[in-house]
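# output the structure for:
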Amino acid sequence: MVNSSDNVGGLLTANIMHFARVLRRAGLPVGPGQVLDAIRAVIAVGISNRNDFYWTLHAVFVKHRTQREVFDQAFHIFWKNPEILEHMMQLILPDISDPNAIPQDTEEISRRVAEALSSGQSDQPEVQEDEIEFDATLTWSANEILGDKDFEKMSAEEIRLAIAAVHRMKLPLNEVPTRRFKSSNSGTRVDMRKTMRAALRSGTDFIPLMKRKRRMRRPPLVVICDISGSMERYSRMLLHFMHTVTSDRDRVHTFLFGTRLTNVTRYLRHKDVDEALDKVSEAVTDWSGGTRIGHCLEDFNKFWSRRVLTQGAVVVLISDGLDRDEGDGLTLEMERLHMSCRHLIWLNPLLRYDGFEPKSIGIKAMLPHVDDFRTVHNLNSLNDLAHILSAETNRNQILMDKWRNQAA
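Numbers count the residues shown, from 1 in each chain. Got it, this is the predicted structure:
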């Protein structure tokens, strides 16, 4: 622990800045403004009491309950709590102890903190070693392992690699015919207006038949994403995916909802992903809170559906289906949404579990009104979404009938 004789403008300030970098590497959204706030708070509270010092930094750096354990481990290690430091050193060194001694969730968080603390601490030059080549036939590559790993269990470095992979994805949509026509020599319909004009211009008895065919255009894509507390890790990763899709094609509309509905389409149109996500964070006021699916879908159907669900729009609904209002009005609003779009796809991270059953009231109310029910919890599931949207026939009818029967 830092002594009271330390100069707040000198060594303690540098230590707080370094501690903030550790938290940022561990996955907490810490910026320069919070570092300045932390220094001012420490000056106001003082550093004579360790407990006061802990809660002062906690009040500045921790914005959600899911960040408490990461902060607690990082604090006690950085500010020298011997017991936790010994435990973390065991995680960094080769593991020869009982693998069941540490709960899996705690081990995942501890590994993120260990990586954040060890990052950048090795200043010694690397020793050049002879390269040894191995035959990698029938083995898993790093990309394949990362593709199968759940977003919720990724370390800070794996999250960075996953975000980079998401920004390289493409989301194709098949073109659909519109009501308008265009001239075409290979068309199947006769364009009578152009045919008569061509006959008048020629001045002969020969009347050339002018053909036309329907214009083709990719349908609009509407994404409605749940940002409640249970969906936090998935929704943050999916925001990067939505930004990539918005930058890659036109007519993409994105809505976020928790206890209220927020249209973030214009913010995701910024080319810089960091600027786009900062704008989204400023606009959304109910991040990581409760979920009112029926109320939010009612707002969408009432104020937005007639604006964005045009020309056979495809709707992607991302939610775990856990509703605080216990499905109040959800059946009616899901039915209205389904009838207003060409294809409704529901992505639910709970579907990754083999024993999943639609038991909650919200899931039972939503399930009969979707065309596709898929999981979204890793990179492979996002790739599968691209294949679903680009395929001509994209209904998994056997599973849909099974889950509908269970919901009934």
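# so in the protein, where's the weakest helix or strand by average pLDDT?
helix 82-92 (a mean of 46; mean pLDDT, DSSP states H and E).
# show me the helices in the stretch 201-350 of the chain, by range?
Shown for the stretch 201-350 of the chain, the helices assigned by DSSP state H, counting those that start in this stretch span residues 232-248, 265-268, 273-283, 293-303, 305-308, 330-340.
# any chance of a markdown table for these, columns distance to His64, mean neighbour count and mean pLDDT?
(Glycine included, C-beta is placed from N, CA and C.) Below are those laid out as a markdown table (distance: least, Cβ to Cβ, whole Å; neighbours: other Cβ atoms under 10 Å; pLDDT from 0 to 100):
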| stretch | distance to His64 | mean neighbour count | mean pLDDT |
| --- | --- | --- | --- |
| helix 232-248 | 7 | 21 | 85 |
| helix 265-268 | 21 | 18 | 92 |
| helix 273-283 | 12 | 15 | 88 |
| helix 293-303 | 20 | 20 | 94 |
| helix 305-308 | 30 | 15 | 92 |
| helix 330-340 | 26 | 19 | 93 |
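# nearest to Ala14, out of the ones you listed?
Of all the helices of the stretch 201-350 of the chain, helix 273-283 sits nearest to Ala14, with 25.8 Å by Cβ to Cβ.
# okay, the helices of the stretch 201-350 of the chain in JSON lines with distance to Pro29 next?
Converted to JSON lines, the helices of the stretch 201-350 of the chain look like this (distance: least, Cβ to Cβ, whole Å):
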{"stretch": "helix 232-248", "distance to Pro29": "9"}
{"stretch": "helix 265-268", "distance to Pro29": "17"}
{"stretch": "helix 273-283", "distance to Pro29": "8"}
{"stretch": "helix 293-303", "distance to Pro29": "24"}
{"stretch": "helix 305-308", "distance to Pro29": "30"}
{"stretch": "helix 330-340", "distance to Pro29": "32"}
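# what's the closest of these to Gly355?
Nearest of the helices of the stretch 201-350 of the chain to Gly355, taken as Cβ to Cβ: helix 232-248 at 19.5 Å.
# what's the angle from that closest one to helix 273-283?
Counting by axes from the mean of the first three to the mean of the last three Cα atoms, to 10 degrees, helix 232-248 lies at 120 degrees to helix 273-283.
# send the alpha carbons of helix 232-248 over as PDB?
The C-alpha trace of helix 232-248 is given here as PDB (Å, rounded to 0.1, in the frame of the first residue of the first chain):
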ATOM      1  CA  GLU A 232     -23.800  -7.300 -22.100                       C
ATOM      2  CA  ARG A 233     -20.700  -9.300 -23.300                       C
ATOM      3  CA  TYR A 234     -22.500 -10.500 -26.500                       C
ATOM      4  CA  SER A 235     -24.100  -7.100 -27.300                       C
ATOM      5  CA  ARG A 236     -20.800  -5.300 -27.200                       C
ATOM      6  CA  MET A 237     -19.300  -7.800 -29.600                       C
ATOM      7  CA  LEU A 238     -22.300  -7.600 -31.800                       C
ATOM      8  CA  LEU A 239     -22.100  -3.800 -32.000                       C
ATOM      9  CA  HIS A 240     -18.800  -4.300 -33.800                       C
ATOM     10  CA  PHE A 241     -20.500  -6.700 -36.200                       C
ATOM     11  CA  MET A 242     -23.300  -4.200 -36.800                       C
ATOM     12  CA  HIS A 243     -20.800  -1.400 -37.500                       C
ATOM     13  CA  THR A 244     -19.100  -3.700 -40.100                       C
ATOM     14  CA  VAL A 245     -22.400  -4.500 -41.800                       C
ATOM     15  CA  THR A 246     -23.500  -0.800 -41.800                       C
ATOM     16  CA  SER A 247     -20.200   0.200 -43.400                       C
ATOM     17  CA  ASP A 248     -20.400  -2.600 -46.000                       C
END
